[in-house]
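Visitor: for reference, the sequence and a predicted model appear below.
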Amino acid sequence: MKTNEPIVHAQTPVRLGEVYTRRRRLTWALGAVLLGVVIAGFWNYHLVDGFGREVVAGSLIGDTQSLAGTAGEHGWGFGFLFAIAAGLAATFTACNCVVFSMLPSLSCAADGTSRRRHVLKALAIFTTGVVAVNLIYGMFVGSMGAEAIQTYNERSVRLLQAQVTFTILGVILLIWGTISFGFAASLVARLPLKVRAWFAASLTKAGILGVLVGFFSVGRPFPVFRDFLTYAASIRSPLYGGLVMAVQGLGQIAVMVGLFLLLFWLFGKRLSRWIEQNPHQMELISAFALMAGGAYFVYYWGLSFAFDIGRWGFKLQWYG
């Protein structure tokens, strides 16, 4: 059966090495790393964490610290509202802001077509990845109970968990960005053709992005989120823990998804046409964003903690 719908070109991998010189690609890659490091160095976590805790969560449900141990009083239903508040409050924290650097890559996963169905399918697969990881992690948290979660939420434990998780995620993003820039073409060429085709598929990329964002919850040390974990664990039900954590996962990507849909609603046809005509430019933006996001994670959660070379704004006394 024939159709007049345009062909989806997202399945054909774009090789930046065939479009840009190695020197130019290296310049863009180093610029992305530098941008990620600068943002990480000057990140004001007091400001963004305070906004999430006081403005977002505070407006929705109140003081999360005092609510953390009230599962017996407020019951199961309130936990879902707590989950939404915790997810939304974490939107602009240091452990979640990199989600916005994935917008270009998600756009690539829905490029080359004006068909709304393909765009929504890519978004659905991305969301499924986020929810799946949160569901599994939530079942683990839900099995802990009130006493075990207190130890799990101790500052030293949650910071170490954040450092390990986000550093690994940052390395993955840097590797992905390196491959996207074409710096590992010889290594990638050694992989079986079917494997390369699977990873190059647009919807595969959307799923991988969703899984990576899902793991943001695993490493998140944000106090509001940890208060939510305390509430969820107090019910002591793996099923309940999984369900509320899945809702929290939806909350953490709600702003990004809303922005993604808004962009496609306002500029969908124009953006699709531009991507179809200039696929290498969108791939360049995606590779740049992945490198910047990876550098941010590695520097902020890895190097700056290990060697005390972060917090520039605080050390310069620019922040209160």
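Guide: Thanks, I have the structure now.
Visitor: so where is this structure shaky, pLDDT-wise?
Guide: By pLDDT under 70, the weakly predicted segments of the chain are 1-14, 105, 107-116, 320.
Visitor: swap the cut-off to 50 and go again
Guide: The chain contains residues with pLDDT under 50 at 1-11, 111-114.
Visitor: give me phi/psi at Ile61?
Guide: For Ile61, the backbone dihedrals (degrees, to the nearest 10) come out as phi -130, psi -10.
Visitor: what's the closest non-adjacent residue to it?
Guide: Taking CB to CB, 6 or more residues apart in numbering, and ignoring the residues beside it in sequence, Ile61 has Ala85 as its nearest neighbour in space, at 4.8 Å. (Glycine included, C-beta is placed from N, CA and C.)
Visitor: tell me which element the one you found is part of?
Guide: When elements are assigned from DSSP states H and E, Ala85 belongs to helix 71-89.
Visitor: which other helices and strands contact that helix?
Guide: helix 58-60, helix 64-67, helix 223-235, helix 238-277 (3 or more CB pairs under 8 Å, 6 or more residues apart in numbering; DSSP states H and E).
Visitor: next, count neighbours for Phe305.
Guide: Burial of Phe305, expressed as a neighbour count using other CB atoms under 10 Å, amounts to 18.
Visitor: right, and it touches Gln163 too?
Guide: Yes. Here Phe305 lies in contact with Gln163, judged by CB atoms under 8 Å, at a distance of 5.4 Å.
Visitor: most packed of the helices and strands packed on helix 71-89?
Guide: Across the helices and strands packed on helix 71-89, averaging neighbours per residue (mean count of other CB atoms under 10 Å) puts helix 223-235 on top, at a mean of 25.
Visitor: list the contacts of it.
Guide: Here helix 223-235 makes contact (CB atoms under 8 Å, 6 or more residues apart in numbering) with 49, 52-53, 57, 64-65, 67-72, 76, 79, 82-83, 85-86, 89-90, 138, 141-142, 144-146, 148-150, 152-153, 158, 217, 220, 240-241, 244-245, 248.
Visitor: got the angle for the helix holding Ala85 vs helix 223-235?
Guide: For helix 71-89 against helix 223-235, the angle between stretch directions is 150 degrees (axes from the mean of the first three to the mean of the last three CA atoms, to 10 degrees).
Visitor: contacts for helix 71-89, please.
Guide: For helix 71-89, contacts defined as CB under 8 Å, 6+ apart pick out 52-53, 56-57, 60-61, 64, 67, 222, 224-225, 227-228, 231-232, 234-235, 240, 243-245, 247-255.
Visitor: so who does Ala306 touch?
Guide: Taking CB under 8 Å, 6+ apart as the definition of contact, the neighbours of Ala306 are Gln163.
Visitor: just the element for it, please.
Guide: Using DSSP H and E, Ala306 maps to helix 304-307.
Visitor: next structured bit after that helix?
Guide: Note on helix 304-307: by DSSP H and E, the next helix or strand toward the C-terminus is helix 312-315.
Visitor: one step back: quick one: which of the helices and strands packed on helix 71-89 is nearest Pro104?
Guide: Closest to Pro104 of the helices and strands packed on helix 71-89, according to CB to CB: helix 238-277, at 10.3 Å.
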